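A.B. asks: Pasting a predicted model and its sequence here:
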Amino acid sequence: MAPDSKVRKRQNCEGKTDAVDESNTDHSFKIGRFRINLGRLPELLLFFALAGAVAYIGMCSYDMSRQMAVITGLGVAVQLQRLVNWIRDWVAYKT
């Protein structure tokens, strides 16, 4: 569930806090003022793999330039990520 989703906000208002505080997990480390959460690394790698696959298909099948194919791949990956987050929130809302 996305950290700023409506379902999460509603659960926090109702007192349903099953989520673990992310600042106390062992899967993150700090570099300066930035905190890197390694628990989200597989999602990030999958995001870039999908963007690369779409860019490759765009260059081979549709004869796109590399710059346009990369932009298209990133756009498709972002939209797919938003769709999956929306579906996850919708399922959490229904249950």
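C.D. replies: Sure thing, it's come through.
A.B. asks: just checking, what packs against the helix or strand in which residue 43 is found?
C.D. replies: Assigned by DSSP states H and E, residue 43 falls within helix 41-61. Packing partners of helix 41-61 (3 or more C-beta pairs under 8 Å, 6 or more residues apart in numbering; DSSP states H and E): helix 66-94. All C-beta atoms are positioned from the backbone trio N, CA, C, and that covers glycine.
A.B. asks: Beyond the lowest-mean-pLDDT helix or strand in the chain, next helix or strand please.
C.D. replies: Here the helix or strand of the chain ranked lowest by mean pLDDT, DSSP states H and E is helix 6-14, holding a mean of 69. Once the chain leaves helix 6-14, the next helix or strand it forms, by DSSP H and E, is strand 28-31.
A.B. asks: List the pairing partners of that following strand within its sheet, with orientation.
C.D. replies: strand 34-37 (antiparallel) (DSSP bridges).
A.B. asks: Extract the CA atoms of the partner strand and return them as PDB.
C.D. replies: Taking C-alpha atoms only, strand 34-37 is exported to PDB below (Å, rounded to 0.1, in the frame of the first residue of the first chain):
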ATOM      1  CA  PHE A  34      18.900  10.700   2.600                       C
ATOM      2  CA  ARG A  35      17.600   7.400   3.900                       C
ATOM      3  CA  ILE A  36      17.900   4.500   1.400                       C
ATOM      4  CA  ASN A  37      15.300   1.700   1.900                       C
END
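A.B. asks: With only the CA atoms kept, save the helix holding residue 43 in CSV.
C.D. replies: Extracted in CSV, the C-alpha atoms of helix 41-61 (Å, rounded to 0.1, in the frame of the first residue of the first chain):
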residue,chain,number,x,y,z
LEU,A,41,15.0,-2.2,-4.3
PRO,A,42,13.3,-5.1,-6.1
GLU,A,43,10.4,-2.8,-7.1
LEU,A,44,12.9,-0.3,-8.5
LEU,A,45,14.8,-2.9,-10.4
LEU,A,46,11.6,-4.3,-11.9
PHE,A,47,10.5,-0.7,-12.8
PHE,A,48,13.7,-0.1,-14.8
ALA,A,49,13.6,-3.6,-16.3
LEU,A,50,10.1,-2.9,-17.6
ALA,A,51,11.1,0.5,-18.9
GLY,A,52,14.1,-1.1,-20.7
ALA,A,53,12.0,-3.8,-22.2
VAL,A,54,9.5,-1.3,-23.6
ALA,A,55,12.3,0.9,-24.9
TYR,A,56,13.9,-2.1,-26.6
ILE,A,57,10.6,-3.1,-28.2
GLY,A,58,10.0,0.4,-29.3
MET,A,59,13.4,0.7,-31.0
CYS,A,60,13.1,-2.7,-32.7
SER,A,61,9.5,-3.0,-33.7
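A.B. asks: Done for today, thanks.
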